[in-house]
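A.B. asks: From the sequence below, what's the structure:
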Amino acid sequence: MSPMDQRGRRFRPGAAGAIGAVLLALVVLMALLAPVLAPHDPLAQDLAHTDAAPGVHGHPLGTDQLGRDLLSRLLYGARTPLLVGALAVVCGGLVGTLLGLLSGFARGWLDQVLSRLADVQLALPSVLLALLVLTFGGQSTAVLVLVIALTGWPAYFRLVRSRVLALRTMAYVEASLTQGVATWRVLSYDLLPGVRGLVAVTATLDLSRAVLMEAGLTYLGLGAQAPAPDWGLMVAEGQGQLLGAWWIAVTPGLALVALVIGANLLGERLAERGGGRRAARSTVKKTVTARSTTA
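C.D. replies: All right, here's what the predicted structure looks like:
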């Protein structure tokens, strides 16, 4: 292999991660700066200019069937997917990580119960579970976050549990247990640092799942309700006009694709860079320290 090919191979993963970071940053800036960047009120209707094509009548991305400016709705519509997705990832990640730590450390009956609970959760279709919870729990942002977090925690649990089971046999953990160190200190100072990188990578990749699930549930009428600007709702509103006014559904659809691709590219780059590399170095250092202490 020529030196140029080797440089190209080294460059591509970094370039993909940079592209992912840029896409995510753009979406976040769209949501934060929506009041500044939006040329019109996202809820204002102009029935004289309905279904206007992009660039017509002062609307860069056109208007929808009620004459609402699509660029303004696109900017404001980024807020709900990002907010719901981020909160769901944080909640699901915290629950899954905590239960994974406890399960891998305690083992025994607690491990069996939590593992079976995660298996049952994974066996249920996510959309079906979401439909059931939203039907009986009501349609609100809090319930939507709860539903998406509920379908995501098993992934964190299984990864963290597997990692903790391996870390529990390391010399520095055994040394802490032998010295009678409190359980919470072993979990916090010995085991948690070893899974932080893994959880961070998983959370970045999980963001795309959470955003897509929010958009899908909203598309089905179980998320944000009209006239609120939301990408999933905008796709649903424009699906019947794909032939005559394709930009109504395609524009928010492309925004969703960009957000999902950005999260995936960044997550994959973090994984390739070695989400657990720092944790592995920390493990080696602690093992050496533990061995020297016990010696």
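A.B. asks: Ala224 looks like it's in a helix, true?
C.D. replies: No - read with DSSP: H, G, I helix; E, B strand; the rest coil, Ala224 is coil and lies in no helix.
A.B. asks: Grab the nearest non-local neighbour of the residue positioned nearest the centre of the chain.
C.D. replies: With distances taken as C-alpha atoms, centre = their mean, Leu207 lies nearest the centre of the chain, 1.1 Å away. Excluding the flanking residues, the one nearest Leu207 by C-beta to C-beta, 6 or more residues apart in numbering is Ala263, at 4.4 Å. C-beta coordinates here come from the backbone N, C-alpha and C atoms, glycine included.
A.B. asks: Contact partners for the one you found?
C.D. replies: If you count contacts by C-beta atoms under 8 Å, 6 or more residues apart in numbering, Ala263 has them with 20, 24, 204-205, 207-208, 211.
A.B. asks: now the end-to-end length of stretch 64-73.
C.D. replies: The first and last residues of stretch 64-73 sit 10 Å apart, counting by C-alpha to C-alpha, to the nearest Å.
A.B. asks: Just the buried positions in that stretch, please.
C.D. replies: Going by neighbour count (16 or more other C-beta atoms under 10 Å), the buried part of stretch 64-73 is 64-65, 67-73.
A.B. asks: Likewise for stretch 149-163?
C.D. replies: 149-161, 163.
A.B. asks: hmm, which helix or strand of this protein has the shakiest average pLDDT?
C.D. replies: When each helix and strand of the chain is scored by mean pLDDT, DSSP states H and E, helix 277-294 comes last, with a mean of 42.
A.B. asks: Could you list the low-confidence segments of this structure?
C.D. replies: The model of the chain has pLDDT under 70 over residues 1-13, 274-295.
A.B. asks: residue contacts, Val145?
C.D. replies: Shown in contact with Val145 (C-beta under 8 Å, 6+ apart): 84, 87-88, 91.
A.B. asks: As TSV, the residues you listed with distance to Ala78 would be great.
C.D. replies: Below are the contacts of Val145 laid out as TSV (distance: C-beta to C-beta, whole Å):
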residue	distance to Ala78
Val84	11
Leu87	15
Ala88	16
Cys91	20
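A.B. asks: any idea which of these is closest to Leu254?
C.D. replies: Val84 (19.7 Å; C-beta to C-beta).
A.B. asks: Grab the nearest non-local neighbour of that closest one.
C.D. replies: Spatial nearest neighbour of Val84, excluding adjacent residues (C-beta to C-beta, 6+ apart): Glu214 at 4.6 Å.
A.B. asks: Doesn't Leu61 belong to a helix?
C.D. replies: No - under three-state DSSP, Leu61 sits outside any helix and is assigned coil.
A.B. asks: how far away is it from Ile248?
C.D. replies: Distance, Leu61 to Ile248, using C-beta to C-beta, to the nearest Å: 9 Å.
A.B. asks: ditto for Thr178
C.D. replies: Remark: distance between Thr178 and Ile248 (C-beta to C-beta) = 66 Å.
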